[in-house]
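Asker: Let me see the structure of the following:
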Amino acid sequence: MTARRLPLPTDAELQILRVLWARGASTVRAVQSALGGAERTGYTTVLKLLQVMHGKRLVRRDERERTHIYEATVLAEDTQRRLVSDLAERAFGGSAAHLAMRALSSSPASTEELRAVRALLDRLEREGDA
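Answerer: Now for the predicted structure:
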């Protein structure tokens, strides 16, 4: 199944995916701990979310041991790209430029981030002229 056919993750699922992207394959307990432990998110809540995510094919589950290990099946970059495309379509009529301008005007970007944005714009202009 391609990434396009997979559903977009919910906010809670995205938090779990961030943990799996950062840590790699993990147990439910390790994910729960990374999310802030029992005081923030209960074990059964994390387990249920991972089970739902498994059903959606956002994660795979290794069942060879008694303690199941979960691993993201989607890449962070692909998921971010799909989320940005979805937001641009829903909130900005599909305009990536309007999305970028709103994002940059809504929260301050560091000097390094602005350099990276300029470099990306320069590269896109060069590629557009080619």
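Asker: Does residue 32 belong to a helix, a strand or coil?
Answerer: State at residue 32, reduced to three classes by DSSP: H, G, I helix; E, B strand; the rest coil: helix.
Asker: Check the burial of residue 129 by counting its neighbours.
Answerer: The number of residues packed around residue 129, counting by other Cβ atoms under 10 Å, is 6. Placement of C-beta: from N, CA and C, glycine included.
Asker: per-residue pLDDT, it?
Answerer: Note on residue 129: pLDDT of 72.
Asker: do you know how far it is from residue 122?
Answerer: Separation of residue 129 from residue 122 (Cβ to Cβ, to the nearest Å) stands at 11 Å.
Asker: which phi and psi does residue 56 have?
Answerer: For residue 56, the backbone dihedrals are phi -80, psi -10 (criterion: degrees, to the nearest 10).
Asker: If you drop the residues flanking it in sequence, what lies closest to it?
Answerer: Using Cβ to Cβ, 6 or more residues apart in numbering and skipping residues adjacent in sequence, the residue nearest residue 56 is residue 7, 5.4 Å away.
Asker: Then residue 34?
Answerer: In space, not counting the residues next to it along the chain, residue 34 is nearest to residue 19; the distance is 4.4 Å by Cβ to Cβ, 6+ apart.
Asker: And the pLDDT for that neighbour?
Answerer: At residue 19, the pLDDT value in this model is 97.
Asker: what secondary structure does it sit in?
Answerer: Classification of residue 19 into helix, strand or coil gives helix, according to three-state DSSP.
Asker: quick one: pLDDT of residue 41?
Answerer: We have a pLDDT of 86 for residue 41.
Asker: Residue 110 now?
Answerer: Residue-level confidence at residue 110 comes out at 92, pLDDT.
Asker: what about it, how many neighbours?
Answerer: Using other Cβ under 10 Å as the criterion, residue 110 is surrounded by 8 other residues.
Asker: Same question for residue 88.
Answerer: Residue crowding around residue 88 was assessed by other Cβ under 10 Å; the count is 17.
Asker: which residues sit against the host helix or strand of it?
Answerer: Using DSSP states H and E, residue 88 falls within helix 76-92. Identification of contacts with helix 76-92 by Cβ atoms under 8 Å, 6 or more residues apart in numbering yields 3-4, 8-9, 14, 17-18, 21, 94-96, 98-99, 102.
Asker: Having no further points to raise, I will conclude here.
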